[in-house]
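Student: this is a predicted model, with the sequence first.
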Number of protein chains: 2
Amino acid sequence: MRGAVIHAPGDVRFETLDDPTISRPTDAIIRTVATCVCGSDLWPYRGAEPIGDPHPMGHEYVGIVEEVGSEVDNVTPGQFVVGSFATSDNTCANCRNGWQSNCLHREFMSTCQADYVRIPNAHGTLVATDDHPSGDLVPGLLAVSDVMGTGWYAALAAEVKPGATAVVVGDGAVGLCGVIAAKELGAERIIAMSRHEPRQKLALEFGATDIVTERGDEGIARVKDLTNGIGADSVLECVGTAESMRQALHSTRPGGNVGFVGVPHEVAIDGQELFFSHVGLRGGPAPVRRYLPDLIDRVLSGRIEPGKVFDLTLPLDQVAEGYKAMDERRAIKTLLKP
Amino acid sequence: MRGAVIHAPGDVRFETLDDPTISRPTDAIIRTVATCVCGSDLWPYRGAEPIGDPHPMGHEYVGIVEEVGSEVDNVTPGQFVVGSFATSDNTCANCRNGWQSNCLHREFMSTCQADYVRIPNAHGTLVATDDHPSGDLVPGLLAVSDVMGTGWYAALAAEVKPGATAVVVGDGAVGLCGVIAAKELGAERIIAMSRHEPRQKLALEFGATDIVTERGDEGIARVKDLTNGIGADSVLECVGTAESMRQALHSTRPGGNVGFVGVPHEVAIDGQELFFSHVGLRGGPAPVRRYLPDLIDRVLSGRIEPGKVFDLTLPLDQVAEGYKAMDERRAIKTLLKP
């Protein structure tokens, strides 16, 4: 089969790879229907994370089950399935608590930008749809496997409640899905922080009521202006830098909540500052598996359209261009079709 | 009148001071019935916080109203009142959200180890009891004004739920009150971390089910042993050092919560570590005013007995000995009677 391999910053190649095989009874092999490039893939692509030896890339996927191991009884060959970037057995103590992305047997997906993918813990990870969805619904279902599930978690971690004011820091695909989530959870005012016009438009389409283009202290002051001077009830931090975390923490009202889903890069939080802010803080890789049935329903019913974050669709063999377009901010998110 | 004044580390004196007077229409003057020495008073006493010019001390109090300003209509002279270490107007946006300790007009109390005290924002801070309580209830009501209210907040911030497992880090008066709070909120298993026998005994009396004497990595391993290997649902951090915060964060299960009420001293939280832990974190000065009516009821009905944290009672003029006994860990907490 063929798939993407990263060799060095800026150097992603489409290469011939070994076909994946069932190596454990809880594995499944899927034929990829759609995969994509994630904002977090840009960290190594931009040299901000070490790459080491050349290796496959990609952790978002929907596909058709090709083969299952002997202990996989939740899906069968031929079914269309959605999974999560973090695999889980869905039975361990952490899974039972709803934290499948902290499963005691978790494996992070990392080979999905390819024709075929081995899914570890398939028995606890994959959810099949009743029928094969029509092509126009595939991007939305693909989004659910990561960015929509992550935006949903960000909004829940930020404790968005009906009537609340929410701020979304970050206008990437996760931030935009965070706007969808805040809207679905009943936020009345949703402030999207963005200075990129196409993203602002999509944020407004998804339910944002206000756009703040300022950053840093000016951005914080602007949010305070919009929130009776005290800050927002809920802030979704969807970037992962020290600056975006500061933006989030200072945009939250006393007693409000920050949900942070951008993987933190060199972020340290001052204990005394957090203390006196009264802000609640929770982050992490989203337990997407917990939300899959609900989010799949919302996509299939047309209630939410997170597939709109894909503003570039390419054949899988042009994966290198998919990275480049996102790196240069010509695309919000690239969908890849084998 | 007379009151405590700190001059330097280890040097607290009982001196003649000016009588307080009403300086704003929202002030009240109370005659102190009981006051006490707080664990946080030990930070400057031990030289861990700058002292500057000699100044009065104390922020915990119950008393009899002597005089009220023209805008104070919630209490009248002669009533027995309980307040909070943080004063609040109880009407601003933060107060309405339940965060009275972040009131936009907040003033922290700091002159309570004295015969008389001026209470700013008395209209939003003081709560009167129906009658003058009997003497045996005074210590419990005094505890409500700070340590019991703070332990209560720690348990709520740690989201203690019925059936939960809670860990309390810190065996000072706040930690011990945290045990009471965890019990009241329905925790089934309460693990108190303490290596001091009198405090262990009180923790068990308050509802602790397990005592862990180990600290650091051994303490964390011991908690994991007691919690199916994954950690506790809720952890109350009641110290404020980098080591105690680490203890708390690593004793919490994925998706669990830490409530931290020890004022952090040189505590930095690593963003990536917090991220991958999935732990929720909230701290701050407790919004005691929010809990006052409920906690006063629980004390007056005899349901909780937080007054037991006072294991030393001295006349106010021996305040210096009160500090010394706590500094040397001869006393958990010193109650002072004018």
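Tutor: Perfect, thanks for sending it.

Student: what parts of the stretch 201-338 of chain A come near chain B?
Tutor: A:228-230, A:242, A:245, A:253-255, A:260, A:263-272, A:274-285, A:287 (C-beta under 8 Å from any C-beta of the partner chain). Glycine gets a C-beta too; all of them are placed from N, C-alpha and C.

Student: now, these that are in helices?
Tutor: Those of those mapping onto helices are A:A242, A:M245, A:G271, A:Q272, A:L274, A:F275, A:F276, A:S277, per DSSP state H.

Student: quick check: the second one vs B:S110, distance?
Tutor: Going back to what we said before, that points to A:M245. 33 Å (C-beta to C-beta, to the nearest Å).

Student: mind checking which of those two has more residues around it?
Tutor: Ranked by neighbour count (other C-beta atoms under 10 Å in any protein chain shown), A:M245 and B:S110 place A:M245 first, with 24 against 13.

Student: ok, A:V62 touching A:A34?
Tutor: Yes: A:V62 is within contact range of A:A34, at 5.5 Å (criterion: C-beta atoms under 8 Å).

Student: what comes up buried for stretch A:111-131?
Tutor: Buried residues in stretch A:111-131, counting neighbours by 16 or more other C-beta atoms under 10 Å in any protein chain shown, are found at A:111-129.

Student: cool, stretch A:314-332 as well?
Tutor: Going by neighbour count (16+ other C-beta under 10 Å), the buried part of stretch A:314-332 is A:314, A:316, A:318-327, A:331-332.

Student: do stretch A:129-138 as well
Tutor: For stretch A:129-138, burial by neighbour count (16+ other C-beta under 10 Å) applies to A:T129, A:P133, A:L137, A:V138.

Student: return the helix or strand in chain A with minimum mean pLDDT.
Tutor: The helix or strand of chain A with the lowest confidence, counting by mean pLDDT, DSSP states H and E, is helix A:42-45 at a mean of 94.

Student: report all helices and strands that it contacts.
Tutor: With contacts defined as 3 or more C-beta pairs under 8 Å, 6 or more residues apart in numbering or on different chains; DSSP states H and E, the packing partners of helix A:42-45 are helix A:319-327.

Student: list the helices and strands the helix it packs on packs on?
Tutor: Contact here means 3+ C-beta pairs under 8 Å, 6+ apart; on that basis helix A:319-327 packs against strand A:11-16, helix A:42-45, strand A:312-315, strand A:334-337.

Student: what about A:R31, is that helix, strand or coil?
Tutor: Here A:R31 is strand, with the state taken from DSSP: H, G, I helix; E, B strand; the rest coil.

Student: what's around it, how many residues?
Tutor: 15.

Student: for A:K161, grab the count of nearby residues.
Tutor: For A:K161, using other C-beta under 10 Å, the count is 14.

Student: need phi/psi at it.
Tutor: phi -120, psi 160 (degrees, to the nearest 10).

Student: who's in contact with it?
Tutor: Shown in contact with A:K161 (C-beta atoms under 8 Å, 6 or more residues apart in numbering or on different chains): A:L185, A:G186, A:A187, A:D233, A:S234.

Student: distance between the least confident helix or strand of chain A and the chain's centre?
Tutor: Per C-alpha atoms, centre = their mean, to the nearest Å, the displacement of helix A:42-45 from the mean C-alpha position of its chain is 15 Å.

Student: okay, buried residues for it please.
Tutor: For helix A:42-45, burial by neighbour count (16+ other C-beta under 10 Å) applies to A:W43, A:P44, A:Y45.

Student: pretty sure the second one sits against A:I6.
Tutor: Yes: here A:P44 reaches A:I6: they are 6.2 Å apart, a contact under C-beta under 8 Å.

Student: can you put the ones in helices among the residues of the stretch 201-338 of chain A next to chain B in TSV and add pLDDT and distance to A:N74?
Tutor: Shown next, in TSV, are these (pLDDT from 0 to 100; distance: C-beta to C-beta, whole Å):
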residue	pLDDT	distance to A:N74
A:A242	96	41
A:M245	97	38
A:G271	97	43
A:Q272	96	48
A:L274	98	41
A:F275	98	45
A:F276	97	48
A:S277	98	43
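
Student: count the residues that sit near the residue lying closest to A:V68 once chain neighbours are set aside.
Tutor: Of all residues not flanking A:V68 in the chain, A:A28 sits nearest, at 4.6 Å (C-beta to C-beta, 6 or more residues apart in numbering or on different chains). Neighbourhood size, A:A28 [other C-beta under 10 Å]: 29.

Student: how much space separates A:A28 from A:E67?
Tutor: Separation of A:A28 from A:E67 (C-beta to C-beta): 7 Å.

Student: overlap in contacts of these two?
Tutor: Joint contacts of A:A28 and A:E67 (C-beta under 8 Å, 6+ apart) are A:I22.

Student: what's the next helix or strand after the least confident helix or strand of chain A packed up against?
Tutor: Sequence order places strand A:55-56 as the next helix or strand after helix A:42-45, per DSSP states H and E. Under the contact criterion of 3+ C-beta pairs under 8 Å, 6+ apart, strand A:55-56 touches strand A:2-8.

Student: give the buried residues for the strand it packs on.
Tutor: A:R2, A:G3, A:A4, A:V5, A:I6.

Student: do the same with stretch A:66-75
Tutor: A:E66, A:E67, A:V68, A:G69, A:V72, A:N74, A:V75.

Student: check whether the fifth one really touches A:I30, as I assumed.
Tutor: No: using C-beta under 8 Å, A:V72 is not in contact with A:I30; the gap is 11.4 Å.

Student: residues in contact with stretch A:267-279?
Tutor: With contact meaning C-beta under 8 Å, 6+ apart, stretch A:267-279 is reached by A:240-242, A:245, A:249, A:252, A:254-258, A:281, B:99, B:101-102, B:242, B:245, B:260, B:263-272, B:274, B:281-285, B:287.

Student: filter those to the buried ones?
Tutor: Listed as buried from those are A:240-241, A:245, A:249, A:252, A:254-258, A:281, B:99, B:101-102, B:245, B:260, B:263-265, B:267, B:269-271, B:274, B:281-285, B:287; burial here means 16+ other C-beta under 10 Å.

Student: tell me how far the closest residue to A:F14 other than its chain neighbours lies from A:T32.
Tutor: Distance criterion C-beta to C-beta, 6+ apart; nearest residue to A:F14, sequence neighbours excluded, is A:D317 at 5.0 Å. Distance of A:D317 to A:T32, computed by C-beta to C-beta: 13 Å.

Student: sweet, I'm off.
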